[in-house]
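In: sequence and computational prediction follow.
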Amino acid sequence: MKRISYKKFIPGILWFILVLFLICLPKQEMPEIEPMWWFSIIRPDKIVHAAMFGMLNYLFIIPIFKAEMVESTKLKYFIGISLAASVWGLSTEFIQLLVPGRSFELWDWFADSIGVSAALIYVYWKFKQSRKKQHP
């Protein structure tokens, strides 16, 4: 198996740092969003959580997706990275207990995990599509 250059993971690492910075912002530093009618149905902060962690997972999985390695190994990495991203989401909730005005919210972690899962499903779907093209 050929090693994957760490440079391929730089976008994911930078995104990880951005997420860490954002979750460490005190509540008063967060921009206020004008309430809209649909906020009672879907809270925008949950969409932001799903998007942030979905992108995090995507940026770490894509170098594996593009790497030359055995399919079963790729799938193991996809799942391992996704689990790590979800655990990171839970960890950020504990970190927020230390940030003024922020709190632990289980629903935020649930949204993080939804985003992680969505990225995993998307990449897995692309993986299956690429296999069909290689082996019609």
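Out: Done, it's in. Numbers count the residues shown, from 1 in each chain.
In: and the next helix or strand past the strand or helix carrying Ile62?
Out: Element membership for Ile62, per DSSP states H and E: helix 44-66. The first helix or strand that comes after helix 44-66 along the chain, using DSSP H and E, is helix 71-96.
In: ok so, going back, for the helix holding Ile62, buried residues please.
Out: 46, 49-50, 52-64 (16 or more other CB atoms under 10 Å). Glycine gets a C-beta too; all of them are placed from N, C-alpha and C.
In: before we move on, what about stretch 3-17?
Out: Buried residues in stretch 3-17, counting neighbours by 16+ other CB under 10 Å, are found at 9, 12, 15-16.
In: C-alpha coordinates for the helix holding Ile62, PDB please?
Out: C-alpha atoms of helix 44-66 as PDB (Å, rounded to 0.1, in the frame of the first residue of the first chain):
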ATOM      1  CA  PRO A  44     -30.400  26.800  12.100                       C
ATOM      2  CA  ASP A  45     -27.600  26.000  14.700                       C
ATOM      3  CA  LYS A  46     -28.300  22.300  14.100                       C
ATOM      4  CA  ILE A  47     -27.900  22.800  10.300                       C
ATOM      5  CA  VAL A  48     -24.600  24.600  11.000                       C
ATOM      6  CA  HIS A  49     -23.400  21.700  13.300                       C
ATOM      7  CA  ALA A  50     -24.300  19.100  10.600                       C
ATOM      8  CA  ALA A  51     -22.600  21.100   7.900                       C
ATOM      9  CA  MET A  52     -19.400  21.700   9.900                       C
ATOM     10  CA  PHE A  53     -19.000  18.100  10.900                       C
ATOM     11  CA  GLY A  54     -20.100  16.800   7.600                       C
ATOM     12  CA  MET A  55     -17.500  18.900   5.900                       C
ATOM     13  CA  LEU A  56     -14.900  17.800   8.400                       C
ATOM     14  CA  ASN A  57     -15.600  14.100   7.700                       C
ATOM     15  CA  TYR A  58     -15.600  14.700   4.000                       C
ATOM     16  CA  LEU A  59     -12.300  16.500   4.000                       C
ATOM     17  CA  PHE A  60     -10.600  13.600   5.900                       C
ATOM     18  CA  ILE A  61     -12.300  10.800   3.900                       C
ATOM     19  CA  ILE A  62     -11.600  12.200   0.400                       C
ATOM     20  CA  PRO A  63      -7.800  11.500   0.500                       C
ATOM     21  CA  ILE A  64      -8.600   7.900   1.400                       C
ATOM     22  CA  PHE A  65     -11.200   7.700  -1.400                       C
ATOM     23  CA  LYS A  66      -8.600   8.900  -4.000                       C
END
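In: having no further points to raise, I will conclude here.
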